[in-house]
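[1] 3D, please:
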Amino acid sequence: MADRRDDRTQIFPVKPARVQAAETPGDGLAAPLVIAAVIVAALYFGREILIPIAIAVLLSFVIGPLVALLRKLRLGRLPSVGVAVLLLLAVVAGLGGLIGMQLADLSTGLPRYQRTIAQKAENLKAGPLGDVAGYLRSINHQIQQAGAPEQKPEEKPETKRAAPPAVQNPDKPVLVEMRDREPGPVELAEKVLAPVLSPLATLGIVFVVLLFILVQREDLRDRMIRLVGSSDLHRTTVAMDDAALRLSRFFLVQLALNAGFGLVIGVGLWLIGVPNPILWGIFSALMRFVPYIGAFLSALLPLALAAAVDPGWNMVLATAALFIVLEPLVGQFIEPLLYGHSTGLSPFAVLVSALFWTWLWGPVGLLLSTPLTVCLVVLGRHVDKLEFLDVLFGDRPALTPVENFYQRMLADDPDEAQELAEAILAQCSLSSYYDEVALKGLQLAATDARRGVLTESQLDRIRVGIAQLIEDLSDRDDAAPETKPTLAGRLLSGSRDEEVPCEAAPAVPDAPAPDALPEAWAREGAVLCIAGRGPLDEAASMMLAQLLGKHGFGTRVVPFEDVTRSRIGTLDAEGAQMVCISYLEISGTPAHLRYLVQRLRRRAPEAQVLVGLWPADDAVLTDPGARAALGADHYAVSLREGVEACLEAVRDAPRSAAPGEAAHAPPHAAPPGAALPAPGREPVPAEA
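    As a prediction, this is how the structure comes out:
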């Protein structure tokens with residue numbers, strides 16, 4: 001049996017909202033806009049304090065696993081936090097010292113680099129580039145001369161009068177020399193330490209906040225749980241712990257990957273001969289936290305330095321080739337193997353977040369934009385109240401596959417619906433896709449049709465679209481797809497069930513070969529797939545008929561009009577072994593379904609009857625009395641169960657039927673109390 005999971009696309013009745021007379025359309029947006037403006041203003045004016053706090057929070061995710069490891073070694077909470085923070089401080093101090101020494105060494109060679117750049121500029125002017133520039137200047141001069149008015153020959157320009165000699169001051173000017181006072185020790189210390197005090201103060205705030213976050217980690221988690229979901233403590237606690245674990249793994253992997261990128265860049269620049277390769281390696285590792293363009297922006301300064309060092313252009317070309325080859329290799333091959341194809345953010349969200357945080361916090365905000373947005377997205381995926389963050393910034397589709405299927409059919413876009421189906425079928429079987437996506441999408445359409453929000457033309461488009469989709473998928477077998485999972489999977493996403501809405505297993509994994517079915521079940525019309533009276537029930541019958549046909553059954557789809565009271569006598573039921581009735585929904589009493597089963601019993605007395613009620617929560621399935629009153633032999637809540645029931649009927653059927661004669665089915669295994677019509681029974685009452 002297929003595992004029936006709850007789907008987020010269930011439709012619940014919504015009470016109509018009451019609109020007051022004095023209410024305007026903008027009243028509902030006023031409060032959110034005011035709150036957003038207050039938050040943005042607080043982020044902007046409080047950036048001196050919020051930037052160190054944000055850096056400390058991100059660093060807590062990085063060294064949190066180290067603290068947990070030290071605590072497992074029975075080192076204690078405070079010693080573990082102290083050791084981890086001291087190690088981080090040593091790393092930061094070491095990197096700061098390296099950067100300082102590299103900058104000092106770079107400053108000593110600046111005059112030489114300026115002369116090289118000036119010489120290259122002169123060479124370009126003297127070469128072909130200079131000829132082109134001169135040619136363009138001459139063209140511009142000719143255009144200006146052509147546009148100037150011609151001067152008449154009889155007119156002579158007036159000679160300029162000689163300027164009167166300037167009157168010289170007989171007094172000799174006095175030279176005055178201004179000298180600055182020698183700075184004192186305090187002023188000299190202030191002048192030297194002023195540029196360093198601000199970074200040191202920020203660094204101190206970062207480490208103080210980091211200490212408190214690591215020491216009070218559980219208390220901060222409990223307070224966050226209280227804010228976002230105290231009504232369901234177990235679920236919220238698991239979600240917060242899982243989010244913290246995923247963020248720690250993601251940041252560690254990203255830090256290791258960017259550090260490796262910077263190391264390779266540094267070694268490559270050292271081999272090329274670019275000065276200060278350690279500085280550019282660290283700079284490239286930091287800039288790679290800026291997605292898409294960070295690595296290429298980090299190549300600008302090394303390229304400029306290579307042009308300033310080498311009189312020729314070989315060093316510049318080698319440096320450009322290093323970045324051009326390495327960045328696509330890391331971004332397109334290594335990153336997908338480690339943590340998926342992206343950071344879990346949509347490209348538009350990455351761009352907007354980079355612009356937003358850069359506007360708020362400057363260059364530091366640019367470096368922190370992606371990590372901060374990743375934190376928001378992960379919280380949105382694990383905390384229900386923050387789900388809007390995942391919808392706004394995440395790279396997952398805004399609509400579920402079921403909603404997407406219904407929207408494509410409603411928009412009359414069967415090509416895009418087929419593209420979506422192909423993407424899902426790369427990881428799911430055909431029967432599972434029909435059950436978990438297509439049928440649920442048709443249930444949404446049937447619900448809207450019952451509410452009266454779908455027009456007849458829209459229903460026709462949906463029927464035509466689903467028929468085309470079923471026809472396009474007719475060449476696919478109901479088998480498990482051959483897919484290879486990634487090395488580590490996507491770290492930011494949840495479980496596999498969140499990404500794939502269906503199963504990879506076929507309807508009946510151990511089903512016999514199609515040619516092994518008895519002839520009575522393989523001939524056309526052996527299984528009659530009859531549509532219910534709903535507007536989209538025939539589409540469900542077409543899906544069931546296609547799945548049964550892939551297992552060797554001879555099927556025929558019968559519309560509801562052919563089994564009504566007035567036309568049931570013309571139904572061709574000769575050789576029918578099984579009658580499958582499909583209903584997407586049953587509203588109210590199922591009296592019409594009971595009468596339909598009775599009519600089919602009289603028309604095909606030897607055939608078994610299967611009732612497929614695809615909404616699994618229908619009251620008929622939960623009420624034993626209602627099921628007994630229907631009088632069917634089998635009940636199914638999914639297409640997979642319908643296929644299983646037909647195969648089970650084949651296994652139970654006797655094999656002694658003569659060739660060309662339909663094999664008689666065993667006595668109908670109706671539930672106790674079922675109203676089964678006997679031969680010669682009186683006509684059933686008319687339908688209500």
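
[2] shaky segments in the stretch 201-350 of the chain?
    228-236, 239, 336-344 (pLDDT under 70).

[3] Oh, that last question was meant for the chain, not what I typed.
    1-29, 123-196, 228-236, 239, 336-344, 482-501, 586-589, 615-623, 625-626, 654-688.

[4] Okay, domains of it per the record?
    32-125+196-215, 401-499, 514-652 (automatic domain parsing).

[5] Can you tell me which of the ones you listed is nearest to residue 255?
    Residue 255 lies closest, by C-beta to C-beta, to one member of those: domain 32-125+196-215, at 6.3 Å. Yep, even glycine has a C-beta here, placed from its N, CA and C like the rest.

[6] Return the distance of the closest one from the chain's centre.
    Per C-alpha atoms, centre = their mean, to the nearest Å, the displacement of domain 32-125+196-215 from the mean C-alpha position of its chain is 30 Å.

[7] Where does residue 579 sit, in terms of helix or strand?
    Following DSSP states H and E, one finds residue 579 within strand 578-583.

[8] now do residue 398
    Per DSSP H and E, there is no helix or strand for residue 398.

[9] again with residue 406
    helix 401-410.

[10] In the helix or strand following that helix, which residues are buried?
    The C-terminal neighbour of helix 401-410 among helices and strands, as given by DSSP H and E, is helix 414-425. By 16 or more other C-beta atoms under 10 Å, the buried positions in helix 414-425 come out as 414, 417-418, 420-421, 424-425.

[11] Residue 611 - that's part of a helix, no?
    No. Applying DSSP: H, G, I helix; E, B strand; the rest coil, one finds residue 611 to be strand, outside a helix.

[12] Can you list the helices and strands that the lengthiest helix in the chain packs against?
    Of all the elements of type helix in the chain, the one with the most residues (DSSP state H) is helix 233-272. Counting contacts by 3 or more C-beta pairs under 8 Å, 6 or more residues apart in numbering; DSSP states H and E, helix 233-272 is packed against helix 47-72, helix 217-229, helix 277-287, helix 314-329, helix 335-339, helix 363-382.

[13] As TSV, those helices with distance to residue 552 would be great.
    Formatted as TSV, these follow (distance: least, C-beta to C-beta, whole Å):
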stretch	distance to residue 552
helix 47-72	55
helix 217-229	51
helix 277-287	61
helix 314-329	49
helix 335-339	41
helix 363-382	44
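
[14] Output those helices as JSON lines; include the columns distance to residue 454 and mean neighbour count.
    Formatted as JSON lines, these follow (distance: least, C-beta to C-beta, whole Å; neighbours: other C-beta atoms under 10 Å):
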{"stretch": "helix 47-72", "distance to residue 454": "48", "mean neighbour count": "18"}
{"stretch": "helix 217-229", "distance to residue 454": "37", "mean neighbour count": "14"}
{"stretch": "helix 277-287", "distance to residue 454": "52", "mean neighbour count": "22"}
{"stretch": "helix 314-329", "distance to residue 454": "48", "mean neighbour count": "16"}
{"stretch": "helix 335-339", "distance to residue 454": "41", "mean neighbour count": "16"}
{"stretch": "helix 363-382", "distance to residue 454": "32", "mean neighbour count": "21"}
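
[15] These: which one's closest to residue 529?
    helix 363-382 (40.3 Å).

[16] which element follows the closest one toward the C-terminus?
    That would be, after helix 363-382 and using DSSP H and E, helix 387-393.

[17] before we move on, back to that, which of the residues in the longest helix of the chain are buried?
    Those would be 236, 239-240, 243-252, 254, 257-258, 261-262, 264-266, 268-269, 272, for helix 233-272 by 16+ other C-beta under 10 Å.

[18] And stretch 520-538, by the same measure?
    520-523, 526-532, 534-538.

[19] Among those, which pair sits farthest apart?
    So, these by C-beta to C-beta: farthest apart are 520 and 535, at 33.5 Å.

[20] picking that back up, give me the contacts around the strand holding residue 579.
    The contact list for strand 578-583 (C-beta atoms under 8 Å, 6 or more residues apart in numbering) reads 526-532, 534, 537-538, 540-541, 544, 548, 573, 593, 596-597, 600, 604, 607-614, 632, 642, 646, 649.

[21] Strand partners (parallel or antiparallel) of it?
    strand 527-531 (parallel), strand 608-613 (parallel) (DSSP bridges).

[22] will you turn these into a markdown table that also has distance to residue 88?
    Formatted as a markdown table, the strands paired with strand 578-583 follow (distance: least, C-beta to C-beta, whole Å):
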| stretch | distance to residue 88 |
| --- | --- |
| strand 527-531 | 67 |
| strand 608-613 | 61 |
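
[23] now residue 507: how far from residue 539?
    For residue 507, the distance to residue 539 equals 18 Å [C-beta to C-beta, to the nearest Å].

[24] How about residue 265?
    57 Å.

[25] likewise residue 220?
    Relative to residue 539, and taking C-beta to C-beta, residue 220 is found at 52 Å.

[26] now swap in residue 221 and tell me
    49 Å.

[27] Give me the neighbour count for residue 117.
    Other residues near residue 117 come to 14 when the count uses other C-beta atoms under 10 Å.

[28] Residue 84 is nearest to which of the helices and strands packed on helix 233-272?
    Here helix 47-72 is closest among the helices and strands packed on helix 233-272 (C-beta to C-beta), at 4.8 Å.

[29] Measure how that closest one sits relative to helix 217-229, angle-wise.
    Angle of helix 47-72 versus helix 217-229, following axes from the mean of the first three to the mean of the last three C-alpha atoms, to 10 degrees, is 120 degrees.

[30] Helix 47-72 packs against which elements?
    Applying 3+ C-beta pairs under 8 Å, 6+ apart, one finds that helix 47-72 contacts helix 77-108, helix 185-215, helix 233-272, helix 347-361, helix 363-382.

[31] Looking at these, spot the one closest to residue 459.
    Here helix 347-361 is closest among those (C-beta to C-beta), at 34.7 Å.

[32] what helices or strands is the closest one leaning on?
    Short answer (3+ C-beta pairs under 8 Å, 6+ apart): helix 347-361 packs on helix 27-45, helix 47-72, helix 363-382, helix 387-393.

[33] correct me, but residue 83 touches residue 70?
    Yes. If you go by C-beta atoms under 8 Å, residue 83 and residue 70 touch, sitting 6.0 Å apart.

[34] Next, the contact list for residue 276, please.
    102, 105-106, 305 are the contacts of residue 276 under C-beta under 8 Å, 6+ apart.

[35] Weed out the non-buried ones from those.
    102, 106, 305.

[36] Closest one of these to residue 329?
    residue 305 (23.2 Å).

[37] and the closest one, what is it in contact with?
    113, 274-276, 280.

[38] From the contact counts, what lies against whichever strand or helix holds residue 471?
    Counting by DSSP H and E, the element that carries residue 471 is helix 456-472. Packing partners of helix 456-472 (3+ C-beta pairs under 8 Å, 6+ apart): helix 401-410, helix 414-425, helix 439-451, helix 537-550.

[39] looking at those, which is buried most?
    helix 537-550 (a mean of 24; mean count of other C-beta atoms under 10 Å).

[40] and the next element down the chain from that one?
    strand 555-558.

[41] Quickly run through the sheet partners of that next one, with directions.
    Strand pairing (DSSP bridges) places strand 555-558 next to strand 527-531 (parallel).

[42] and stretch 283-296, how far apart are its ends?
    Using C-alpha to C-alpha, to the nearest Å, one end of stretch 283-296 lies 11 Å from the other.

[43] before we move on, what about stretch 521-534?
    28 Å.

[44] And that stretch, how far out from the chain middle?
    41 Å.

[45] do the same with stretch 624-632
    Using C-alpha atoms, centre = their mean, the distance between the centre of stretch 624-632 and that of its chain works out at 45 Å.

[46] Go through it and flag the buried ones.
    Applying 16+ other C-beta under 10 Å to stretch 624-632 flags 626-627, 629-632 as buried.

[47] Which one of those residues is nearest to residue 451?
    For the buried residues of stretch 624-632, the minimum distance to residue 451 (C-beta to C-beta) is 24.0 Å, reached by residue 626.
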